[in-house]
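Chemist: fold the following, please.
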Amino acid sequence: MEQLRTIHPLVGYSGHERGIAVTLAAVALGACVVERHFTLDRRMEGPDHAASLEFKEFQQLITGIREIEQSLGDGRERELSQGEMINRENLAKSLVAARPLKRGTVLQAQDIQVRSPGQGLSPQRYEELLGRTLQRDLATEDFFYPADLQDERVEPRSYQFQRPWGVPVRYHDFQEYQQRVPADLFEFHLSYSDMDLNPADYLSGTYDCGFVVHAPELFAGSRLMDLASPDEAYRQFSLAETQRVIEITRSLKPYFPKTQRPMIVANVGGFSMDVPLPATEKLAYYERFAMSLEQLDLEGVELIPQTMAPFPWHFGGQRYQNLFVQLSEIQEWCTRLNLRMCYDVSHSSLTCNHFGLDFYEFSAGIAPLTAHLHLGDAKGVNGEGLQVGEGSLDFDRLGQLLTTGCPQASFIPEIWQGHKNGGEGFWVALERLEGKF
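Modeler: Below is the predicted model of the structure:
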């Protein structure tokens, strides 16, 4: 094929071999067209039937070609997928402080070590870090971050928005954030291990702000919340864990008297492992979710499903998401079940890109159903949770649409690893969103 390309830039492959391996190899080498014989039955008489593909093999060939085309890319710079970012965080290494360092220290080689995991500044940037003057104090093995290569730190301040706004927190960092930024609300992101903690160990008295709870996606044993599962035992497990989240939310309410009916953001389930669910099966999933809602004691709280991307990443791999992805289904089932939504604009941007939909039409359609917003940028079909301004979304246009469609909906910045370096990613996002929402 390489030799043929010296004659003409467009080269294909016509195969008469059995199987599909050689044809797939030709595609990997750059074949832009392939030709294969097709037959209903290789046992039929004739010179080409034995070397032809039957329906199943032909289907496998097409699937394989499309996967190879995706893996080869288009020659442009590729965005890391969520799964790749998770793997890099867990498996890579970072530059860390070799000893306690004070603000104003001019960094030298003996001040820096390389350690796992990859949550901080990459060792590839070691030379850039040498000679920098620290803008903050570090303890031994604290991570360096890209911000340590800048002359000024981004710090939180009092932001001005036309709607209630807040930041995501965990129990352990709530007090720090609450003292640093005058947010209207805080969204507690629970992990399954947080569900065994006593909130009274982290909160005291009352706070002059509201709160939202984000239910865990993943419970002990790598079990995903799935209130729509066809496995009845699994659905019952998800119901029990969701009820625990509801009880935790009720226990938080006395600390935040401004919040009359706290919202619980949830990824409610409806996953499949290998292929998306056919439309004929989705109805039963929605009906099981509706049954789960009836079985939950939701007194005093509001469960708001989160809009989902078609290919969510979870620890353990990527899955297909089937519920609360498509706008028409969201509108139908919110009306049927008297639900409001958490509109995750990054997730739904990936949805629109995958299905060839207009994101701003989607936003206008879901706005009247929206109680709460997760705001982050996005790109392509895998670029999720990007910093505002680093993806493809027009936040000026989006802000106008949502000001018209859901002016009272609260929001938080939902930025991948925004909590790092004292919440730097959140402060940057809020700076860039100010004046648009």
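Chemist: at which residues are the strands of the stretch 201-350 of the chain located?
Modeler: Per DSSP state E, counting those that start in this stretch, the stretch 201-350 of the chain carries strands over the ranges 210-214, 218-219, 223-224, 263-266, 271-272, 302-305, 313-314, 317-318, 320-321, 341-344.
Chemist: what is the fifth one packed up against?
Modeler: Identification of packing neighbours for strand 271-272 by 3 or more Cβ pairs under 8 Å, 6 or more residues apart in numbering; DSSP states H and E yields strand 320-321. Every residue, glycine included, has its C-beta placed from N, CA and C.
Chemist: how far off centre is the strand it packs on?
Modeler: 12 Å (Cα atoms, centre = their mean, to the nearest Å).
Chemist: likewise for stretch 304-324?
Modeler: 8 Å.
Chemist: tell me the buried residues in it?
Modeler: 304-314, 319-324 (16 or more other Cβ atoms under 10 Å).
Chemist: repeat that for stretch 54-64.
Modeler: Of the residues in stretch 54-64, those buried (16+ other Cβ under 10 Å) are Glu57, Phe58, Leu61, Gly64.
Chemist: state whether the third one is indeed within a helix.
Modeler: Put plainly, it is Leu61. Yes. With DSSP: H, G, I helix; E, B strand; the rest coil as the criterion, Leu61 is part of a helix.
Chemist: from Ala147, how far off is it?
Modeler: Look at Leu61 and Ala147: by Cβ to Cβ, to the nearest Å, they are 49 Å apart.
Chemist: got it, and Thr63?
Modeler: Taken as Cβ to Cβ, the span from Thr63 to Ala147 is 44 Å.
Chemist: likewise Leu101?
Modeler: Taken as Cβ to Cβ, the span from Leu101 to Ala147 is 15 Å.
Chemist: what do you get for Asp194?
Modeler: On the measure of Cβ to Cβ, Asp194 and Ala147 end up 27 Å apart.
Chemist: what of Asn322?
Modeler: 39 Å.
Chemist: quick one: low-confidence parts of the stretch 51-200 of the chain?
Modeler: For the stretch 51-200 of the chain, applying pLDDT under 70 flags the ranges 77-83.
Chemist: can you do 80?
Modeler: 73-88 (pLDDT under 80).
Chemist: which parts of it are helices?
Modeler: 55-72, 82-91, 126-129, 171-180 (DSSP state H, counting those that start in this stretch).
Chemist: burial measure for Asn382, as a count.
Modeler: Residues near Asn382, counting by other Cβ atoms under 10 Å, number 21.
Chemist: pretty sure it contacts Pro312?
Modeler: No. With contact defined as Cβ atoms under 8 Å, Asn382 does not reach Pro312; the gap is 10.6 Å.
Chemist: where does the most centrally placed residue in the chain sit: helix, strand or coil?
Modeler: Among the residues of the chain, the one closest to the centroid is Glu384, at 5.1 Å (Cα atoms, centre = their mean). At Glu384 the chain is in strand, as set by three-state DSSP.
Chemist: dump the residue contacts of it.
Modeler: Shown in contact with Glu384 (Cβ atoms under 8 Å, 6 or more residues apart in numbering): Gln82, Ala309, Trp313, Ser346, His347, Leu350, Gly376, Ala378, Trp416.
Chemist: how much space separates the second one from Ser363?
Modeler: As for Ala309, its distance to Ser363 is 15 Å (criterion: Cβ to Cβ).
Chemist: do the fourth one as well
Modeler: Summarising the geometry, the distance separating Ser346 from Ser363, computed by Cβ to Cβ, is 12 Å.
Chemist: how about the last one?
Modeler: With distances taken as Cβ to Cβ, Trp416 is found 21 Å from Ser363.
Chemist: repeat for the third one
Modeler: With distances defined as Cβ to Cβ, the gap from Trp313 to Ser363 amounts to 23 Å.
Chemist: ok, back up a step: most tightly surrounded among the strands of the stretch 201-350 of the chain?
Modeler: Stretch with highest mean neighbour count among the strands of the stretch 201-350 of the chain: strand 341-344 (a mean of 27; mean count of other Cβ atoms under 10 Å).
Chemist: my guess is Leu298 meets Glu247, correct?
Modeler: No. Contact criterion Cβ under 8 Å: Leu298 and Glu247 do not qualify, at 11.3 Å.
Chemist: neighbour count: those two, which is higher?
Modeler: Ranked by neighbour count (other Cβ under 10 Å), Leu298 and Glu247 place Leu298 first, with 16 against 12.
Chemist: OK, contacts around the closest residue in space to that one that isn't next to it in sequence?
Modeler: The shortest distance from Leu298 to any non-neighbouring residue, by Cβ to Cβ, 6 or more residues apart in numbering, is to Ile246 (6.6 Å). By Cβ under 8 Å, 6+ apart, Ile246 lies in contact with Ile264, Leu296, Asp297, Leu298, Val301, Leu303.
Chemist: just flag the most distant two among those.
Modeler: Maximum pairwise distance among these (Cβ to Cβ): 12.4 Å, between Ile264 and Asp297.
Chemist: care to break this structure down by domain?
Modeler: Using automatic domain parsing, the domain ranges for the chain come out as 2-72, 82-149, 166-433.
Chemist: can you add distance to Ser158 and give those back as JSON lines?
Modeler: Formatted as JSON lines, the domains of the chain follow (distance: least, Cβ to Cβ, whole Å):
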{"stretch": "domain 2-72", "distance to Ser158": "46"}
{"stretch": "domain 82-149", "distance to Ser158": "21"}
{"stretch": "domain 166-433", "distance to Ser158": "5"}
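Chemist: for these, which one ends up most surrounded?
Modeler: domain 166-433 (a mean of 18).
Chemist: isn't Gly399 right up against Phe437?
Modeler: Yes. Gly399 is within contact range of Phe437, at 4.9 Å (criterion: Cβ under 8 Å).
Chemist: alpha carbons of stretch 373-380, in CSV - could you do that?
Modeler: The C-alpha trace of stretch 373-380 is given here as CSV (Å, rounded to 0.1, in the frame of the first residue of the first chain):
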residue,chain,number,x,y,z
LEU,A,373,-27.2,23.9,37.1
HIS,A,374,-23.8,22.3,36.8
LEU,A,375,-21.7,24.7,34.6
GLY,A,376,-18.5,23.5,32.9
ASP,A,377,-17.2,23.6,29.4
ALA,A,378,-17.1,20.7,26.9
LYS,A,379,-15.6,19.6,23.6
GLY,A,380,-16.4,16.8,21.2
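Chemist: many thanks, have a good one.
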